[in-house]
Structure formats: structure tokens, C-alpha cells
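A.B. asks: Here is a sequence with its predicted model. Questions after.
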Amino acid sequence: MPPCCFLKYIVNVNPLIVKSHSPLLDIWTLFLAVCAVGIGGTFQYGYNVSIINAPTRHIHKFLNETWSSRYQMELNPNLLTLLWSVIASIFSLGGLCGAYIGGSIAIRLGRKGALLVNNFIAILASILMGISFPTGLFELLMAGRFLIGVNTGVGICVQPLYIGEIAPKHLRGAMAMGSSIFLTGGILTGQIIGLRELFGGEKYWPFLLSSSCFPALAQLFFLPWFPESPRYLLIDRGDEMKCTKALKRFHGPLHYQEEMEDIQRECFALNGEKPKKPWQLFSDRSVKWQLITVIVMTMGQQLSGINAIYFYASYIFKQAGIPAEKIPYVTLGTGACECLTALTCVSDKFYFYHTLLFMLFFQELYPWVPYLSMASIFAFILSFGLGPGGITNTLTAELFTQSSRPAAYMIGGSVSWLSFFTIGMLFPFIVVCSHVSIIYTIFSQLTHVHLTSCREILLDAEIVLLYTIKNLVLRLKISENSPSAKVLLESVTLSRQVYFKLSTNNTNTHNRRQINK
């Protein structure tokens with residue numbers, strides 16, 4: 001009997017076991033649910049970002065041979081660079097499309113339904129990439145990369161929605177990190193499978209690219225055993241019976257009432273408000289600073305240059321002076337570094353880009369410097385994973401309500417994928433025109449500027465919270481005995497906490513004046 005069926009039997013069938021229900025069963029159910037959504041969500045993203053790196057040389061050869069047989073002429077090196085950039089970067093254009101439609105699909109089909117339908121896109125993409133080599137059509141490779149980008153765009157948008165809505169309050173932060181853990185796990189898995197001893201050889205690279213179907217098939221098998229998001233069922237669908245049943249599965253028959261009351265309070269506060277569209281968020285002043293925070297943090301995450309490392313890791317290590325036969329194994333270190341940081345995600349206060357600049361500049365002078373350069377790249381990845389890599393993806397779920405959350409994920413995802421595409425397209429040409437160290441100096445400065453701006457934005461967002469509560473008091477005509485009185489009491493308590501925090505810690509005169517007002 002599958003584990004989920006066994007848990008369902010315990011909760012709904014056997015009343016004697018319910019009386020001695022163990023909280024470990026609930027945690028086990030939540031853990032399996034995170035695994036079921038993660039394998040077809042952010043795991044696909046990390047996996048498809050990393051597997052394109054291993055067969056770079058073989059794809060170049062495939063492009064040259066296909067072009068020569070088709071047009072009876074050699075492929076121009078600049079055109080080869082352009083075609084390779086398109087193959088690598090069209091993935092991000094597909095991700096942009098996926099992010100744009102992901103929120104709408106999640107509203108119409110539900111979080112679980114959107115993830116299940118999304119897997120068929122991954123299967124189609126795998127077929128196209130797999131048959132590109134035997135048919136001699138590199139256009140199929142581009143189409144497959146675009147579709148797998150759509151798949152990952154939808155997955156990155158919907159997976160955090162589902163996890164955030166099924167997680168109990170005390171586990172919400174830890175479960176939200178499941179997205180980052182599966183993303184980095186996908187990167188490391190792709191790097192391992194891409195080794196020449198496995199599927200990184202010249203004969204097997206089409207199988208490597210088409211292997212994206214296996215995570216999709218795994219999710220199609222495991223995810224149906226779990227219920228839909230309880231918040232979606234009650235707030236968006238108004239189905240209280242299914243919501244209660246789902247909560248019992250995720251939180252247990254003895255502990256689901258607290259979560260049910262929390263969902264009912266949010267449902268009452270929304271007062272039947274329909275899910276918002278992305279363009280509606282831009283005109284909604286109440287979420288102005290939350291939206292700016294997500295956009296700035298997401299853009300800063302991508303402009304840090306981390307994806308350029310994964311897309312062009314082999315090229316970067318080659319330029320750094322690492323022997324060609326050792327590069328695939330060195331690349332594994334990049335995935336292992338981010339896996340480590342995903343498991344120990346804390347804010348990072350160290351600046352590693354000075355070391356990176358120094359090591360890349362002196363790589364020509366001493367034979368031992370390339371290996372220190374390699375260590376600097378690992379340090380760069382550690383610094384990214386400990387800071388923006390783990391934190392950025394959890395911001396959206398924390399800053400927005402149920403009605404605004406899908407649209408916010410669509411906007412954040414679109415910004416992320418646009419930045420991703422820009423880096424992927426321009427990086428090879430920038431490297432030709434300048435030194436690698438110069439590029440990462442620019443990346444590090446962009447990251448510093450974005451994160452410094454975000455510190456002030458988050459502070460202003462907390463100040464706006466006070467004004468939002470004030471407007472709530474004026475607009476709602478509530479009596480002492482009404483259910484909304486409890487909501488207001490919690491809001492006032494929260495406002496006091498924010499007030500004392502800001503008034504004691506903030507030294508900016510302008511912000512203090514706003515707080516006191």
C-alpha cells in the first residue's frame with residue numbers, strides 16, 4: 001500500500017489509531033508532499049540548467065555538421081556562437097512564457113492540477129530534444145529547450161504556491177526552502193548524469209537532454225496521492241468539505257482546527273475578492289512596496305551572474321586554466337556548494353567578489369592560481385546560496401495575500417526569466433570582448449546595489465503596514481462581537497510590534513517622522 005494511502009487509512013478509517021495519532025505522521029505526509037511537487041517543479045529547473053553544460057562541445061559539432069550537410073558550407077564561428085546562445089537561452093524565454101501563464105493555470109486548474117498538466121509539456125519537450133540528433137534538425141533542439149523552459153516556468157511559479165498553502169505556520173519557512181533544495185538537487189543531479197562516464201559522451205547527449213521526462217513521469221505518479229491546496233479549495237472554490245478533508249491529511253485529525261480557523265479568517269478578510277491579475281497589482285497602492293521588493297530582489301538575484309556560471313561553467317573553468325579532463329569533475333563542486341547552502345540558508349555578510357577578481361586577474365602568472373580561481377567560484381556560489389539564492393524565492397509567499405499571490409509570482413517570475421535570458425544571450429559575446437574578471441566585478445556591484453536598495457524598501461513596506469491598518473479601521477464598521485473583531489485585534493497587536501521595532505532600531509530621521517505620524 002502506498003504511504004499516502006496508509007496515512008489516509010489511519011486518519012479517516014481507524015478511529016482507535018486516531019486517538020493516539022502521532023505528529024510524526026503529519027510531518028511525514030508534508031515531507032512526501034514537498035518531494036512530490038519538488039521533483040517536477042524546481043528540480044526540473046535546476047536539472048535543465050545544468051545538463052546543457054555537459055554536451056556543449058558535442059552540440060557545437062552537431063551544429064557544424066548539420067549546417068555543412070544542409071548548405072554545403074562551413075558554419076561561421078560568430079554564427080555558431082549565436083546558435084549556441086539561442087539554444088542555451090531560449091530556455092529562459094520559455095520560462096518567461098511559463099511564468100506568465102503559471103498563475104492563471106493555478107487559479108483555473110488548482111495548484112495540484114496545474115502541476116500535473118505541466119508535466120505533459122516536459123514529456124513533449126523531451127521527445128523533441130531526443131529526436132533532434134537522428135533527424136538532423138537543430139530547430140527541434142531549440143523547440144524542445146523552449147518547451148522545457150515553459151515547463152520550468154510554470155513549475156517555479158506554482159510549486160511555492162502549493163507548498164506555502166499546505167504548510168503549517170511553524171513549518172512554513174522550512175518547507176518553503178524545499179523549493180531551493182530541489183533546485184540545487186536538480187543542478188547537482190544534472191552535473192552527475194552529464195559526466196562522460198554516464199551520459200555526457202558524444203553518443204549519448206540526446207538521451208541526456210531527453211531525460212527531463214523522468215522527473216515529469218515521477219510527479220505524474222506520486223502527486224495524485226496528495227490532496228489539493230486547502231486554501232485554494234476554501235478561498236477560491238468555496239468547498240469547505242474538501243478543505244477540511246485536505247487539512248486532516250496534512251495536519252492530522254487533532255491539529256487541523258487552528259489552520260482551518262486561519263484560512264477562514266483570511267477568507268473573511270478578503271470578503272469574496274477574486275484573484276487579481278498582474279496589471280491590477282501595479283495599480284494597487286496597498287501592495288506597491290511589496291511588489292517593488294520582489295522585483296528588485298529577483299532582478300538582483302539574476303544579475304549576480306550565478307546562472308552564467310551554470311550555463312557556461314566549462315568555458316569559465318577552461319579560461320581559468322583548469323585542465324580539460326578535470327573540468328567535468330570540478331563542475332560538480334558548483335552544484336555541491338549550492339546544495340550545501342540550500343540546507344544551511346542564512347543571510348551572508350561577506351563579499352567574495354574581491355577574491356574572485358584577484359584570482360582571475362593573476363591566473364596567467366602562477367600555475368597554482370587556476371585552482372584558487374576555482375575555489376573563488378565555489379566561494380561565489382556559497383555566498384549566493386547563503387543569501388539571495390535561498391531567501392528571494394520565499395519572499396513572495398510571505399508578502400502577499402491569497403488573492404494577490406498568483407499574480408505576484410507571475411510578475412516576479414517574468415522579471416527573473418527576462419534577466420535570465422539577458423545574461424544567457426549576452427554572456428558569450430561579453431566574454432569575447434572583455435575579461436571574465438571584469439564581468440564578475442560588474443555582477444558583484446549590481447548585486448550590492450540591488451540588495452542595498454532592498455533594505456530601505458523592506459523598511460518602507462513595514463511603515464506602509466501601519467497606514468494599511470489605519471485604513472482598515474476607518475473602512476470596516478464592525479461590532480465588538482463580530483468575527484472581524486478578532487482580525488482587527490491581531491492587526492493592532494502586529495502594528496504595535498512593528499512600531500516598537502522600527503522606533504527603537506531606525507536611525508533615519510525621515511522614517512522616524514513617518515513612524516511617529
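C.D. replies: Cool, got the structure.

A.B. asks: List the residues that contact Ser414.
C.D. replies: 96, 99-100, 278 (Cβ atoms under 8 Å, 6 or more residues apart in numbering). C-beta: built from backbone N, CA, C; applies to glycine.

A.B. asks: could I get those residues as a markdown table with distance to Arg111 and neighbour count?
C.D. replies: Output for the contacts of Ser414, formatted as a markdown table (distance: Cβ to Cβ, whole Å; neighbours: other Cβ atoms under 10 Å):
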| residue | distance to Arg111 | neighbour count |
| --- | --- | --- |
| Leu96 | 21 | 20 |
| Ala99 | 15 | 27 |
| Tyr100 | 17 | 19 |
| Pro278 | 18 | 19 |
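
A.B. asks: Going by neighbour count, list what's buried in stretch 108-128.
C.D. replies: Using 16 or more other Cβ atoms under 10 Å as the burial criterion, the residues of stretch 108-128 that qualify are 109-116, 118-119, 121-126, 128.

A.B. asks: model confidence over that stretch, on average?
C.D. replies: On average, the pLDDT along stretch 108-128 is 95.

A.B. asks: what does stretch 140-160 give?
C.D. replies: According to the model, stretch 140-160 has a mean pLDDT of 93.

A.B. asks: Now that stretch - C-alpha only, PDB.
C.D. replies: The C-alpha coordinates for stretch 140-160 follow below in PDB (Å, rounded to 0.1, in the frame of the first residue of the first chain):
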ATOM      1  CA  LEU A 140      13.800  20.700 -32.800                       C
ATOM      2  CA  LEU A 141      16.500  21.100 -30.200                       C
ATOM      3  CA  MET A 142      15.600  24.800 -29.900                       C
ATOM      4  CA  ALA A 143      11.900  24.000 -29.800                       C
ATOM      5  CA  GLY A 144      12.500  21.400 -27.000                       C
ATOM      6  CA  ARG A 145      14.500  23.800 -25.000                       C
ATOM      7  CA  PHE A 146      11.800  26.400 -25.300                       C
ATOM      8  CA  LEU A 147       9.100  23.900 -24.100                       C
ATOM      9  CA  ILE A 148      11.100  22.700 -21.200                       C
ATOM     10  CA  GLY A 149      11.500  26.300 -20.300                       C
ATOM     11  CA  VAL A 150       7.800  26.700 -20.300                       C
ATOM     12  CA  ASN A 151       7.500  23.700 -18.100                       C
ATOM     13  CA  THR A 152      10.000  25.000 -15.500                       C
ATOM     14  CA  GLY A 153       8.500  28.500 -15.600                       C
ATOM     15  CA  VAL A 154       5.100  27.100 -14.600                       C
ATOM     16  CA  GLY A 155       6.700  24.800 -12.000                       C
ATOM     17  CA  ILE A 156       8.700  27.600 -10.300                       C
ATOM     18  CA  CYS A 157       5.500  29.700 -10.200                       C
ATOM     19  CA  VAL A 158       3.100  27.000  -8.900                       C
ATOM     20  CA  GLN A 159       5.300  24.900  -6.600                       C
ATOM     21  CA  PRO A 160       5.900  27.600  -4.000                       C
END
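
A.B. asks: count of neighbours near the nearest residue to Leu195 once chain neighbours are set aside?
C.D. replies: Counting by Cβ to Cβ, 6 or more residues apart in numbering, Leu195 lies nearest to Pro328, which is 5.4 Å off, once chain neighbours are set aside. When neighbours are counted by other Cβ atoms under 10 Å, Pro328 registers 20.

A.B. asks: and what of Leu82?
C.D. replies: 14.

A.B. asks: From Leu63, how far out is it?
C.D. replies: 10 Å (Cβ to Cβ, to the nearest Å).

A.B. asks: swap in Leu141?
C.D. replies: In terms of Cβ to Cβ, Leu141 sits 9 Å off from Leu63.

A.B. asks: hang on, isn't Gly178 packed against Ala33?
C.D. replies: No: contact criterion Cβ atoms under 8 Å: Gly178 and Ala33 do not qualify, at 9.4 Å.

A.B. asks: Tell me the residues that contact both of the two, please.
C.D. replies: Ile163.

A.B. asks: Looking at Leu141 and Leu63, which one has more neighbours?
C.D. replies: Between Leu141 and Leu63, Leu141 has the larger neighbour count (other Cβ under 10 Å), namely 25 against 18.

A.B. asks: What sits closest to that one if chain neighbours are left out?
C.D. replies: Excluding the flanking residues, the one nearest Leu141 by Cβ to Cβ, 6+ apart is Ser132, at 4.0 Å.

A.B. asks: Just the CA atoms of the helix or strand where Ile263 lies, as CSV, please.
C.D. replies: Element membership for Ile263, per DSSP states H and E: helix 256-270. C-alpha atoms of helix 256-270 as CSV (Å, rounded to 0.1, in the frame of the first residue of the first chain):
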residue,chain,number,x,y,z
TYR,A,256,-6.2,20.9,11.8
GLN,A,257,-8.6,23.2,13.5
GLU,A,258,-6.1,26.0,14.0
GLU,A,259,-5.2,26.0,10.3
MET,A,260,-8.9,25.9,9.4
GLU,A,261,-9.6,29.0,11.5
ASP,A,262,-6.6,30.8,10.0
ILE,A,263,-7.9,30.1,6.4
GLN,A,264,-11.5,31.2,7.4
ARG,A,265,-10.1,34.5,8.8
GLU,A,266,-8.3,35.2,5.6
CYS,A,267,-11.4,34.2,3.6
PHE,A,268,-13.5,36.6,5.7
ALA,A,269,-10.9,39.4,5.3
LEU,A,270,-10.9,39.0,1.5
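
A.B. asks: Would you indicate which residues of that helix are buried?
C.D. replies: So, applying 16+ other Cβ under 10 Å, buried residues of helix 256-270: 256, 259-260, 263, 266-267, 269-270.
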